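Engineer: Kindly generate the corresponding structure for this input.
(one chain, ligands or ions: 2)
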Amino acid sequence: MILIVDDDPSVLASLRLVLKQAGWPSHGLASPAEAIAWLETSACELVIQDMNFSRQTSGEEGLALLRRIKTVRPAVPVVLITAWASIALAVEGMKAGASDFVTKPWTNPQILQTVQTALGLAAARRDSGTDVPPREDLDRRYDFDGLIGDHPRFLKVLDLVGRVSDTGASVLVTGESGTGKELVAEALHRNSRRRAGPFVKVNLGGISSTLFESEMFGHVKGAFTDARADRRGRFELADGGTIFLDEIGELDPAAQVKLLRVLQDRTYEVLGSSTTRTVDVRVVSATNRNLAEMVRAGTFREDLLYRLNLIALHLPPLRDRAEDIPTLATRFVQTFAVAHGREGLALDPAALRWLQGLPWPGNVRQLRQWIERAVLVSRRDLLRPDDLAAAAEMEAPAAAADPLPPVGSMTMDEIEKAMILKSLRHHGGNISRVAEALGLSRAALYRRFEKHGIDV
Ligand SMILES: Nc1ncnc2c1ncn2[C@@H]1O[C@H](COP(=O)(O)OP(=O)(O)OP(=O)(O)O)[C@@H](O)[C@H]1O
Ligand SMILES: [Mg+2]
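Structural biologist: Numbering: from 1, shown residues only. Ligands and ions are numbered 1, 2, ... in the order given. Take a look at the predicted model:
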């Protein structure tokens, strides 16, 4: 049973009708007091509540109701309805535990999609134990091909990926550079019923603010000087599938507003045309930046963040799951040995131990690159620490066969700083080459310089 709380009888009636047609029974009530009394005694799967009672614009009563519901029935998902003008109120509501929000005027498909997502997520949460499922269980249920790892922290992420993949909920994937965010985004698509539809990746870091609208929404011929022909936007290309918004933290404020609008009601206008288009997409975004911090600093919109991260997936850095390094390294050696005609090539156990002791600022991508280079460069059949160090352009570790981390008493941070300084010297201060060698973006490399107080 779905409870709808709204003091406008016509809204109540139309919402109930839409839900009924979709096969969901509902109950309508006009006041917060009635709603709480009803919830205390009735089985309820979801609440849809208006935030502006008695034409109140402050939303105090709506917020108070939401908080009461979250006290009485914390597990019941609550979807808020707010005026577009009071989107700040929706953000307050999300902080107070609401599952999602829709802004007025809503459309029927939008309400149905929101309700379905909220119910799906609630079910996914109910089913999730605190235990980490074994890798084999996950592989039986989902397609996680290409995602190597068995560390509990990694399996926890995969488990969540599997459970939310089919809900249609917006997912924000975070994690350092090279931790596998794009692989996870692809897995979300592959394990959803949208898998037959397109998966469209957009690198928002590479789109200038002037071209943002034309890239994302398309343009008609003559929309601006260089628009010599009609062009389809990324949202149109992603219709029926998943759009992957990579490097979402790089969006400037103007583009953030434009994106919010399409995420909000799945409608947009093609540049140079006045007709409004509707699109059916699942949104997955990723960043290696801390968006919550950016919200505090005023450089990222809080309402946009809440739109993007209905589900937040965080990928641990490789150094925090160092137990996975042997598996990853071994699989990479196999792959590249076959690719480069070096079948039979293997890793010396000492090499595995050495790899496990490194900080990996570029995470899995860096490990993969190092292994590929070692496979190409080495002339032996058993890769030793020296071969890897040579391929990685580092000095050979002091005692290669020593089971202890070669760099002795240094902390991970110190090793990382030393690695970066060495790479800088090796490449004569060429930032792009250093970034490449460490498997980092230039921006991520600059953040490391800052962290370690390295002047360049
Ligand atoms: N768990 C994993 N198993 C196998 N390969 C992985 C894994 N994680 C990452 N990789 C590999 O590492 C490389 C980087 O992965 P990916 O592009 O998904 O990282 P990312 O988090 O998107 O990085 P960035 O923030 O720099 O964009 C890819 O070659 C990918 O195949
Ligand atoms: Mg990426």
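Engineer: tell me the centre residue of the protein?
Structural biologist: Nearest residue to the geometric centre of the chain (CA atoms, centre = their mean): residue 173, 1.8 Å.
Engineer: For beta bridges, what are the partners of that residue?
Structural biologist: For residue 173, the beta-bridge partners under DSSP bridges are residue 286, residue 313.
Engineer: By proximity to ligand 1, which residue of the stretch 101-250 of the chain wins?
Structural biologist: Closest contact between the stretch 101-250 of the chain and ligand 1, by CB to the nearest ligand atom, is at residue 180 (2.8 Å). Placement of C-beta: from N, CA and C, glycine included.
Engineer: can I assume the residue nearest to the centre of the chain is in contact with residue 291?
Structural biologist: No - with contact defined as CB atoms under 8 Å, residue 173 does not count as touching residue 291 (11.4 Å).
Engineer: quick one on the thing from earlier: state the pLDDT value of the residue of the stretch 101-250 of the chain closest to ligand 1.
Structural biologist: Among the per-residue scores, residue 180 holds a pLDDT of 97.
Engineer: now do residue 394
Structural biologist: Per-residue confidence at residue 394 stands at 61 (pLDDT).
Engineer: got it, and residue 403?
Structural biologist: pLDDT recorded at residue 403 is 35.
Engineer: please begin residue numbering at 9 from this point
Structural biologist: Yep, numbering from 9; the last one is residue 411 now.
Engineer: Where does residue 217 sit, in terms of helix or strand?
Structural biologist: Per DSSP states H and E: residue 217 is located in neither a helix nor a strand.
Engineer: wouldn't it be in contact with residue 263 here?
Structural biologist: Yes - between residue 217 and residue 263 a contact is recorded at 5.6 Å, counting by CB under 8 Å.
Engineer: Contact residues of the stretch 59-208 of the chain facing ligand 1?
Structural biologist: Near ligand 1, the residues belonging to the stretch 59-208 of the chain are 154, 155, 156, 157, 183, 185, 186, 187, 188, 189, 190, 191 when assessed by CB under 6 Å from any ligand atom.
Engineer: counting contacts, what elements does the helix ranked longest in the chain pack onto?
Structural biologist: The longest helix of the chain (DSSP state H) is helix 116-135. Helix 116-135 makes packing contacts with helix 17-29, strand 54-58, strand 86-91, strand 108-112, helix 160-173 when contacts are defined by 3 or more CB pairs under 8 Å, 6 or more residues apart in numbering; DSSP states H and E.
Engineer: Name the stretch among these that sits most buried.
Structural biologist: Each of the helices and strands packed on helix 116-135 was assessed for mean neighbour count using mean count of other CB atoms under 10 Å. The highest is strand 54-58, with a mean of 24.
Engineer: I'd like the average pLDDT over it.
Structural biologist: Per-residue confidence for strand 54-58 averages out to 95 on the pLDDT scale.
Engineer: Quick one: list the elements packing against it.
Structural biologist: Under the contact rule (3+ CB pairs under 8 Å, 6+ apart), strand 54-58 is packed against strand 10-13, helix 40-49, helix 68-80, strand 86-91, helix 116-135.
Engineer: Quick check on the residues of the stretch 59-208 of the chain next to ligand 1: which are buried?
Structural biologist: With burial judged by 16 or more other CB atoms under 10 Å, the buried subset of those is 155, 156, 157, 183, 185, 186, 187, 188, 189, 190, 191.
Engineer: Of the residues you listed, which are in range of ligand 2?
Structural biologist: Here is what survives when those are matched to ligand 2 using CB under 5 Å from the ion: 189, 190.
Engineer: Can you tell me which of the buried ones among the residues of the stretch 59-208 of the chain next to ligand 1 is closest to ligand 2?
Structural biologist: For those, the minimum distance to ligand 2 (CB to the ion) is 4.1 Å, reached by residue 190.
Engineer: That closest one looks like it's in a helix, true?
Structural biologist: Yes - Residue 190: assigned to a helix according to DSSP: H, G, I helix; E, B strand; the rest coil.
Engineer: list the contacts for it?
Structural biologist: Under the criterion of CB atoms under 8 Å, 6 or more residues apart in numbering, the contact list for residue 190 reads 209, 252, 254, 294.
Engineer: any idea which element the first one lies in?
Structural biologist: Assessed by DSSP H and E, residue 209 sits inside strand 207-211.
Engineer: List the neighbouring strands of that strand plus their orientation.
Structural biologist: strand 250-254 (parallel).
Engineer: Residue 217 and residue 263: who's more crowded?
Structural biologist: Neighbours were counted for residue 217 and for residue 263 using other CB atoms under 10 Å; residue 263 has more, 21 against 12.
Engineer: The chain - how does it break down into domains?
Structural biologist: Domains of the chain are assigned by automatic domain parsing as 10-135, 145-322, 326-460.
Engineer: ok now the shortest one, how far from the chain's centre?
Structural biologist: Yep, that's domain 10-135 we're talking about. Its chain's C-alpha centre lies 26 Å from the corresponding centre of domain 10-135 when counted by CA atoms, centre = their mean, to the nearest Å.
Engineer: For it, measure first residue to last.
Structural biologist: Across domain 10-135, the straight-line distance between its terminal residues is 20 Å, by CA to CA, to the nearest Å.
Engineer: do the longest one as well
Structural biologist: End-to-end distance for domain 145-322, by CA to CA: 21 Å.
Engineer: Next, count neighbours for residue 324.
Structural biologist: Taking other CB under 10 Å as the neighbour definition, residue 324 ends up with a count of 20.
Engineer: contacting residues around the residue lying closest to residue 354 once chain neighbours are set aside?
Structural biologist: Once flanking residues are discounted, residue 354 sits nearest to residue 390: 5.6 Å by CB to CB, 6 or more residues apart in numbering. Residues touching residue 390, when contacts are defined by CB under 8 Å, 6+ apart, comprise 353, 354, 355, 356.
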